[in-house]
Every structure is written in C-alpha cells, then in structure tokens.
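A.B. asks: Got a sequence here, can you build the structure:
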Amino acid sequence: MDQRQERQARNEALVRQVNEKIEQVDQASSFADDEMAFEFHCECGRADDDEIGCDERVVMTLREYEEIRAQDDRFAVVPGHEDAALEDVVRRSDRFLVVDKKPVAEPLVADDPRGAASG
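C.D. replies: Numbers count the residues shown, from 1 in each chain. Just a heads-up that it's a prediction; the model follows:
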C-alpha cells in the first residue's frame, strides 16, 4: 500500500466520524424513523491536497446506515468511488456501494467510534 492509499484509508475513518454525528442528529429528530432517507457524506476518503474527503453525498436510510456500521471495516461510497487496492465491493444499490476494507487496510480504520468488529 502506498502513502496515498494509506492517507485515503485514514480519511475514510475521519469521514465516518462525521457521518456518526449526522446519524445522531437524524436519530434525535422527532420525525425520523428507520426507513426515512438522509444524506451522508461519501466515505471514499479521496482527498485533494488539503481536503479530507470528497463533496458527494450518499442517500440512505438510518436502517441501511446501521447495517453498514455493524462492521468497522465497511463504508458507504458513491458508485465509482471504490478503490480496488483498498477494498472489495460487498453490496451494490443504485444509490451507494458498500465496501469492505482489505486486510492490509483494516488497521488504518480500526479506530471505530462504536468499537464494532470487522467481518
């Protein structure tokens, strides 16, 4: 794994922390339910110079987000933002992809704020 890929994997973990905050706010809203769709940041971790991640959004329900977050090495990305050197696509939808980190990249995303196990 090269330095760019390592930075990308670490950025994914940072974006995931932002999405955790978004999910907490969404859960706390009085009108939210598990089937309501919300916008989350794409967790691809792509960065241009001083940016942390891309600007695109992934639309998913709270239930879908929770299913992805059940494993610490899975991330939701915009279709086309997957990186075969870092991850394998484990689920496809018309709105997003779920990617699973390859073993070489798992230690870089191991700081899961939830403490979820990898699969």
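A.B. asks: Report all helices and strands that the longest helix belonging to the chain contacts.
C.D. replies: Across the chain, the longest stretch assigned as helix under DSSP state H is helix 3-28. Helix 3-28 sits against strand 37-41, helix 62-69, strand 74-77, with contacts defined as 3 or more C-beta pairs under 8 Å, 6 or more residues apart in numbering; DSSP states H and E. Yep, even glycine has a C-beta here, placed from its N, CA and C like the rest.
A.B. asks: Spatially central residue in the protein, please.
C.D. replies: The structure's the chain has its C-alpha centroid closest to F75; by C-alpha atoms, centre = their mean the separation is 3.1 Å.
A.B. asks: returning to that earlier point: now the helices and strands packed on helix 3-28 as TSV including mean pLDDT and distance to Q24?
C.D. replies: Listed next are the helices and strands packed on helix 3-28 as TSV, based on pLDDT from 0 to 100; distance: least, C-beta to C-beta, whole Å:
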stretch	mean pLDDT	distance to Q24
strand 37-41	90	11
helix 62-69	90	11
strand 74-77	94	16
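A.B. asks: Of all the ones you listed, which one comes closest to I22?
C.D. replies: Between I22 and the helices and strands packed on helix 3-28, the shortest gap by C-beta to C-beta is with strand 37-41, which sits at 5.8 Å.
A.B. asks: then that closest one to CSV, C-alphas only?
C.D. replies: Extracted C-alpha coordinates of strand 37-41, given in CSV (Å, rounded to 0.1, in the frame of the first residue of the first chain):
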residue,chain,number,x,y,z
ALA,A,37,-33.7,8.6,3.9
PHE,A,38,-31.0,11.1,4.9
GLU,A,39,-27.8,12.4,3.2
PHE,A,40,-24.5,11.2,4.5
HIS,A,41,-21.0,12.1,3.3
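A.B. asks: which stretches of the protein have low pLDDT?
C.D. replies: 1, 30, 32, 34, 47-53, 110-119 (pLDDT under 70).
A.B. asks: swap the cut-off to 80 and go again
C.D. replies: Where the chain drops to pLDDT under 80, the residues are 1-2, 4-5, 26-36, 46-53, 106-119.
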